[in-house]
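>>> A structural model of the following input is requested.
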Amino acid sequence: MLVFVPIWVLGFGSLTGWLASTKGRSAFNWAILGAIFGVFALIAVGLAPATAAPRTLDPFQVANTRPCPFCAEPIRRTAQLCRFCGRSVLAFPDDNQPHPCWCNRVIGEHDIRDHP
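Predicted structure coming up:
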């Protein structure tokens with residue numbers, strides 16, 4: 001009878017932990033529950049739904065999105081209005097157009113704005 005207890009604890013604990021890890025749940029916590037409650041924990045984790053898979057696509061790394069400068073939510077690169085905070089933002093230019101910074105207005109050592 002004393003041999004049966006460690007087999008029960010190890011068997012149901014490891015089986016419950018493995019089944020929980022295949023469903024995206026904490027294997028350690030469920031292994032403890034399986035060791036204590038045995039077949040009841042195994043049934044509970046078997047009936048539990050699988051957790052949602054974590055998002056592997058970060059919207060800030062997608063080429064067509066950028067963070068809103070006011071609320072930091074992902075918006076389209078060409079957006080002129082943030083759909084989250086409703087504030088007006090400057091649209092980023094296309095990649096094949098020059099960037100609208102001051103350095104594009106400089107010709108040699110002279111600024112374009114200095115000439116008529």
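>>> quick one: low-confidence ranges for the chain?
For the chain, the stretches with pLDDT under 70 are 1-2, 4, 53-63, 92-116.
>>> show me this protein divided up by domain.
Listed domain ranges for the chain are 4-47, 59-116 (source: automatic domain parsing).
>>> CA-only coordinates of the helix ranked longest in the chain in CSV, if you can.
In the chain, assigned by DSSP state H, the helix with the most residues is helix 4-22. Only the C-alpha atoms of helix 4-22 are listed here, as CSV (Å, rounded to 0.1, in the frame of the first residue of the first chain):
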residue,chain,number,x,y,z
PHE,A,4,1.0,2.8,-4.3
VAL,A,5,1.1,6.4,-2.9
PRO,A,6,4.4,7.5,-4.7
ILE,A,7,3.2,5.9,-7.9
TRP,A,8,-0.1,7.7,-7.6
VAL,A,9,1.6,11.0,-6.9
LEU,A,10,4.2,10.7,-9.6
GLY,A,11,1.9,9.2,-12.2
PHE,A,12,-1.1,11.5,-11.9
GLY,A,13,1.2,14.5,-11.2
SER,A,14,3.3,14.1,-14.3
LEU,A,15,0.4,13.1,-16.5
THR,A,16,-1.7,16.1,-15.4
GLY,A,17,1.3,18.4,-15.8
TRP,A,18,2.0,17.1,-19.3
LEU,A,19,-1.6,17.4,-20.4
ALA,A,20,-1.7,21.0,-19.0
SER,A,21,1.4,22.0,-20.9
THR,A,22,0.0,20.8,-24.2
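>>> what ranges do the strands span in this structure?
With DSSP state E as the criterion, the chain has strands at 65-67, 74-76, 106-107, 110-111.
>>> roughly how far apart are the closest residue in space to residue 50 that isn't next to it in sequence and residue 34?
Leaving aside its sequence neighbours, residue 50 sits nearest to residue 23 (CB to CB, 6 or more residues apart in numbering; 4.3 Å). The C-beta positions use only the backbone N, C-alpha and C, and glycine is treated the same way. For residue 23, the distance to residue 34 equals 13 Å [CB to CB, to the nearest Å].
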